[in-house]
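>>> Need a 3D model of the sequence below.
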Amino acid sequence: MALRVSTVSTDVFIRDLGITVVHPTTSRDLSLEFTAIELKASTGLTEAIQSGVLVADDGVYTIHSTDYDPDETLIQQLGYRVDNLYVSEAELFSKGDVYVKADTFPLALNSTAQATRNIYCPYGRWVTWSVSPEDKVVITGNAAAGIYTVESVSDQQNLIVKEAVVDSTGGTIAIYHPNAATRIGVDDATFDHVAGNTLHECLASIDDLTSPYAHRDLDQLVHNIAETSYEEVTYTGVNPTSLIVWTNSGKTIKIREEQYTWNGNKVNTLTMIQYNAAGAEVERVVETYTYTGSKVTSIARSLT
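Alright, predicted model coming up:
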């Protein structure tokens, strides 16, 4: 990550780094000049940022003076938006109701703003370290008490929620991760019957396909589902030539059909047809029988 500093009103000499940040300086990226270990070890840099004579940012967000912690400089190389970049172990085992940090939440909340949907918590790094869009914000103990969805993170102390929120002060705040399955991508191009771009969407699609109700709606010959219906059998002489399953005795809509052709007293072909809910054909299988004497020795099937 970047560690950029800007002067406020005067030159700033950082003895242990051997540099002077000349005023006015804007967004000098010290991570391009020094290693993370050097920046971590610099007490002069820490004092300058924490005292406010240098303003720091990570290339995206302002690092508030009370939030700068040199012990985290090495980790900061991953970026402040750690939760936005990685799926944590807690999220992998989450059912959607896991605190971001169970040892520190809930935290005291400063305020919420109706006009901007902003939530301000003056406890710093927890926002950009641990919160990402679609996390849940749970507020208690003030006029804005309720559950909200994170839309964006402004800096280490402020975030914007999607839902309307009233003006309030005080109270507490906790953040919950959604289940990790909502953040894990899936290549659905290799699936014929499963839809979705995330693991959660694909699992939901599988659930729909395998439910008893979805099973009844599938137009598949192999199902032969028991249903309210009316069957009509037709003959040529003593040989049946068709068996048609209708929705009712008025023969309004066909459900499925079997058609037989004969060679003497032997069935030559069997055509099985499946219709959809509107009575339109969706698929058919033709079976052709081969005999040796009076015995069937092979069956060839063709699906169309």
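>>> can you pull out the helices in the stretch 151-300 of the chain?
Secondary structure of the stretch 151-300 of the chain (DSSP state H, counting those that start in this stretch): helices at 199-210, 212-217.
>>> ditto for the stretch 1-150 of the chain
Remark: helices assigned in the stretch 1-150 of the chain by DSSP H, counting those that start in this stretch are 36-41, 43-51, 73-76, 82-85, 89-92, 126-130.
>>> Mean pLDDT lowest where, among those helices?
When these are compared on mean pLDDT, helix 73-76 scores lowest, with a mean of 52.
>>> mind giving me the domain split of this structure?
The chain breaks down by automatic domain parsing into domains covering 4-79, 84-178, 230-303.
>>> Export these to TSV and append columns for distance to residue 187.
C-betas here are computed from N, CA, C, even on glycine. Below are the domains of the chain laid out as TSV (distance: least, CB to CB, whole Å):
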stretch	distance to residue 187
domain 4-79	26
domain 84-178	17
domain 230-303	28
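>>> Worst mean pLDDT among the ones you listed?
The stretch with the lowest mean pLDDT among the domains of the chain is domain 84-178, at a mean of 80.
>>> Check the protein and tell me which residue is nearest its centre.
In the chain, the centroid-proximal residue (CA atoms, centre = their mean) is residue 182; its distance is 2.4 Å.
>>> Give me the nearest residue to it, chain neighbours excluded.
Distances taken as CB to CB, 6 or more residues apart in numbering place residue 200 nearest to residue 182, at 4.5 Å, with adjacent residues excluded.
>>> Relative to residue 51, how far out is that neighbour?
Separation of residue 200 from residue 51 (CB to CB, to the nearest Å): 46 Å.
>>> More neighbours: these two, which one.
Per other CB atoms under 10 Å, whichever of residue 200 and residue 51 has more neighbours is residue 200, with 17 against 11.
>>> what sits against that one?
By CB atoms under 8 Å, 6 or more residues apart in numbering, the residues touching residue 200 are 179, 181, 182, 184.
>>> Check the burial of residue 248 by counting its neighbours.
When neighbours are counted by other CB under 10 Å, residue 248 registers 10.
>>> who are the neighbours in contact with it?
By CB under 8 Å, 6+ apart, the neighbours of residue 248 are 228, 229, 230.
>>> one more time with 7 Å, if that's ok
Residue 248 makes contact with residue 230 under the criterion CB atoms under 7 Å, 6 or more residues apart in numbering.
>>> go on, residue 259?
With CB under 7 Å, 6+ apart, residue 259 has these contacts: 241, 242, 271.
>>> What of residue 55?
The contact partners of residue 55, by CB under 7 Å, 6+ apart, come to 5, 6, 8.
>>> Now, of these, which are buried?
The neighbour-count criterion (16 or more other CB atoms under 10 Å) marks 5, 6 among the contacts of residue 55 as buried.
>>> okay if I get the contacts of residue 55 as a markdown table plus distance to residue 235?
Shown next, in a markdown table, are those (distance: CB to CB, whole Å):
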| residue | distance to residue 235 |
| --- | --- |
| 5 | 94 |
| 6 | 94 |
| 8 | 99 |
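>>> so what's the closest residue to residue 291 other than its chain neighbours bridging to?
Excluding the flanking residues, the one nearest residue 291 by CB to CB, 6+ apart is residue 266, at 5.9 Å. Counting by DSSP bridges, residue 266 is bridged to residue 263.
>>> Quick check: the gap between residue 266 and residue 260.
Relative to residue 260, and taking CB to CB, residue 266 is found at 10 Å.
>>> Repeat that for residue 4.
82 Å.
>>> Near residue 120, how many other residues are there?
Neighbourhood size, residue 120 [other CB under 10 Å]: 18.
>>> which residues sit in contact with it?
Applying CB under 7 Å, 6+ apart, we find residue 120 in contact with 110, 111, 157, 158.
>>> Report the two of those separated the most.
Greatest spatial distance among these (CB to CB): 111 and 157, at 10.9 Å.
>>> Who has more neighbours out of these two?
Neighbour totals were compared for residue 111 and residue 157, and residue 157 leads with 22 against 17 (other CB under 10 Å).
>>> Tell me if I'm right that that one and residue 64 touch.
Yes - contact criterion CB atoms under 7 Å: residue 157 and residue 64 qualify, at 6.2 Å.
>>> returning to that earlier point: would you quantify the distance from the residue nearest to residue 182 to residue 206?
In terms of CB to CB, residue 200 sits 11 Å off from residue 206.
>>> For residue 9, which non-adjacent residue is spatially closest?
Nearest residue to residue 9, sequence neighbours excluded (CB to CB, 6+ apart): residue 23, at 6.6 Å.
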